[in-house]
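> Any chance you could fold what I've pasted below:
(4 chains)
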There are 4 protein chains.
Amino acid sequence: MPQINRCAPRFDKLNRTGIIYTPRGYRTLCSQIKPEATPRKATAVDPSIKSANLKRLHRIEGQVRGLERMVADDRYCPDIMIQISSVQEALRAVGRALMRNHLRHCATEAIQRGTPAQAEAMYDELMNLIYTHAR
Amino acid sequence: MPQINRCAPRFDKLNRTGIIYTPRGYRTLCSQIKPEATPRKATAVDPSIKSANLKRLHRIEGQVRGLERMVADDRYCPDIMIQISSVQEALRAVGRALMRNHLRHCATEAIQRGTPAQAEAMYDELMNLIYTHAR
Amino acid sequence: MPQINRCAPRFDKLNRTGIIYTPRGYRTLCSQIKPEATPRKATAVDPSIKSANLKRLHRIEGQVRGLERMVADDRYCPDIMIQISSVQEALRAVGRALMRNHLRHCATEAIQRGTPAQAEAMYDELMNLIYTHAR
Amino acid sequence: MPQINRCAPRFDKLNRTGIIYTPRGYRTLCSQIKPEATPRKATAVDPSIKSANLKRLHRIEGQVRGLERMVADDRYCPDIMIQISSVQEALRAVGRALMRNHLRHCATEAIQRGTPAQAEAMYDELMNLIYTHAR
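Prediction:
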């Protein structure tokens, strides 16, 4: 597993729990870094996921420009809709890769080493991602 | 209703039915223009829908570039996923506007003036759009 | 096409437009029957769609009872979830068949014979069905 | 957390890994019970989730019977579709509760105490649930 060196996830509940003291001294969990000061970073990103996602997003950017041309050109609405649906599918692939990375790294980190409250906050976050954002 | 001057939709079944003779002489329906030669055009596009969609797509293009930066920067996966979900929602708004325009113009055209076979082909196309592409 | 003998859809906007006079005397459109007094009926239902849907719903009822047993029995959550997803798919099939019937009959009726305002109300209804209910 | 006494999830990959020896003697993970012989059980089910789900499913069963009556009665298609959509929403609520229970118990179990291969199998299972079944 990659070294965990950057970490600042959205643990709203975790933030209330503060610093955690463990037998080996205290360790900061994902939550202790002030969330607003710096944008939160991933615990770890598999390099293959990152490069595949960058490639996908670059292609998506081009597809969106294509959509603009289709609309400007009064193309047949269903043809544009089918193209939109293909962009959405491509974005879904990016999201899936991020979800897998998230499960493998930050979620696992919270579930393995966090307190029960921290694990519970991670479940909340996952439920929100799954049912609100992972379409 | 805007003048119907351009028209070349995906009427696979319609293409087989050929030219339609009416009391006022024959008129070409959406189907008669060879589909592969030229990209198919919308029967009509409401100007307000078109300009709103162009604006939306321009904003979406910027959002996708933002996603690329977030991925390049190893941002916290759920934060990127929430951003993806917002792009998906914006694309859905473009699709909705196109669907409404399509119902109002080309679908109505086919249902009002087409043969039963042409109307049936339009239902097929709508069903495909609704259940496969209109997410 | 089946005879159109019963008809009382949700045309909120249509209700404001009142009775329509045509060359052959006035005819009631779907909208004129008071919506709350009697449950609204379909303009027409293709018999094959009706019997297929009744069969599907009967099977779905049994599947839901199966789900109750699985939950009562503390079955493995993902196994229940996969079963739920199969019920959802079966319900979607019922909805699809209804959507096709609706397009073919009541929507077509409104688009072919209604006033522009009635057609517009039908587009509104379709948009609502497509984007809110046809998942 | 409830006592973990029953456990037989779908760990296709886990089954290959066999029994796990730990400092306290060997313990069976979810995977060791033959999956086909007996239906797999949940690691643990929160009693409140179970009773809420049974209540929901009982209500859903009644709703499905109501759908059968609506179809038998040729009710207005969009009215039936809206009712279907409400049943689907209710099923989704059951699925959500199961997903939360699954994350909290069996997934956590696999991630906390499983081998890396077992954790990976759990991520696969979660990804499949999230993107194929948790609609």
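> if I look at the residue positioned nearest the centre of chain A, how far off is D:C106?
In chain A, the residue lying closest to the centroid (C-alpha atoms, centre = their mean) is A:L98, at 5.0 Å. Computed with C-beta to C-beta, to the nearest Å, the distance linking A:L98 and D:C106 is 23 Å. Backbone N, C-alpha and C define where each C-beta goes, glycine included.
> And A:T132, by the same measure?
Separation of A:T132 from D:C106 (C-beta to C-beta) stands at 23 Å.
> where exactly do the strands run in chain A?
A:20-22, A:25-27 (DSSP state E).
> Pull the number of nearby residues for A:E109.
21 (other C-beta atoms under 10 Å in any protein chain shown).
> which residue sits closest to it in space, ignoring its chain neighbours?
Nearest residue to A:E109, sequence neighbours excluded (C-beta to C-beta, 6 or more residues apart in numbering or on different chains): A:T43, at 5.4 Å.
> cool, and A:I130?
Excluding the flanking residues, the one nearest A:I130 by C-beta to C-beta, 6+ apart is D:I130, at 5.1 Å.
> if I pick the residue lying closest to the residue nearest to the centre of chain A once chain neighbours are set aside, what's in contact with it?
Excluding its sequence neighbours, the residue lying closest to A:L98 (C-beta to C-beta, 6+ apart) is B:C77, at 4.3 Å. Applying C-beta atoms under 8 Å, 6 or more residues apart in numbering or on different chains to B:C77 gives the contacts A:42, A:45, A:98-99, A:101-102, A:106.
> Going by distance to chain C, which of these wins?
Top of the list for closeness to chain C, among the contacts of B:C77 and by C-beta to the nearest C-beta, is A:M99 at 16.3 Å.
> Give me the pLDDT value at the closest residue to the closest one other than its chain neighbours.
For A:M99, ignoring the flanking residues on the chain, the nearest one in space by C-beta to C-beta, 6+ apart is A:A134 at 6.2 Å. Note on A:A134: pLDDT of 85.
> A:T43 too?
Predicted confidence (pLDDT) for A:T43: 84.
> what's the answer for A:I33, then?
On pLDDT, A:I33 comes in at 42.
> Phi, psi for A:R40 please.
Backbone torsions of A:R40, given as degrees, to the nearest 10, read phi -70, psi 140.
> With the one 3 residues further on instead?
Geometry field for A:T43 lists phi and psi as phi -60, psi -50, criterion degrees, to the nearest 10.
> Ok, A:D74 next?
With angles defined as degrees, to the nearest 10, A:D74 sits at phi 50, psi 40.
> Got the domain ranges for chain A?
Structural domains assigned to chain A are A:1-40, A:47-133, following automatic domain parsing.
> of all those, which gets the most neighbours per residue?
Comparing these on average neighbours per residue, with mean count of other C-beta atoms under 10 Å in any protein chain shown, the densest one is domain A:47-133 at a mean of 19.
> Quick one: distance of that one to the chain centre.
Domain A:47-133 sits 8 Å away from the centroid of its parent chain (C-alpha atoms, centre = their mean, to the nearest Å).
> Run through the residues that contact A:R92.
The contact partners of A:R92, by C-beta under 8 Å, 6+ apart, come to A:135, B:88, D:131.
> Ok, A:H102 next?
The neighbours of A:H102, taking C-beta under 8 Å, 6+ apart as the test, are A:42, A:129, B:77-78, B:81.
> farthest-separated two in those?
By the measure C-beta to C-beta, A:A42 and A:L129 form the most distant pair in the contacts of A:H102, at 13.8 Å.
> Check what pLDDT the closest residue to A:P78 other than its chain neighbours gets.
By the measure of C-beta to C-beta, 6+ apart, the closest residue to A:P78 outside its immediate chain neighbours is B:L129, 5.6 Å from it. Predicted confidence (pLDDT) at B:L129: the value is 96.
> Repeat that for A:C30.
The predicted structure scores A:C30 at 42 on the pLDDT scale.
> just A:N15 next, same as before
pLDDT at A:N15 comes out at 36.
> show me the residues around the residue lying closest to A:I84 once chain neighbours are set aside that make contact.
Spatial nearest neighbour of A:I84, chain neighbours left out: B:G95 (4.9 Å); criterion: C-beta to C-beta, 6+ apart. Residues near B:G95 by C-beta under 8 Å, 6+ apart: A:81, A:84-85, B:133-134.
> among the residues you listed, which are in helices?
Residues of the contacts of B:G95 located in helices (DSSP state H): A:81, A:84-85.
> Of these, which is the nearest to D:E125?
Nearest to D:E125 among those: A:S85, at 27.5 Å, using C-beta to C-beta.
> Distance-wise, check the closest one relative to B:R135.
Relative to B:R135, A:S85 is positioned 7 Å away (C-beta to C-beta).
> can you check A:Y76 too?
Counting by C-beta to C-beta, the gap from A:Y76 to B:R135 is 19 Å.
> Quick one, grab the pLDDT at A:R6.
pLDDT for A:R6: 33.
> low pLDDT regions in chain A?
A:1-37 (pLDDT under 70).
> Any idea which residue of it lies closest to chain C?
Distances between chain A and chain C by C-beta to the nearest C-beta are smallest at A:R135, namely 10.3 Å.
> Could I get the contacting residues of the residue nearest to that residue when sequence neighbours are not counted?
Once flanking residues are discounted, A:R135 sits nearest to B:Q88: 6.3 Å by C-beta to C-beta, 6+ apart. The contact partners of B:Q88, taken as C-beta under 8 Å, 6+ apart, are A:88, A:91-92, A:135.
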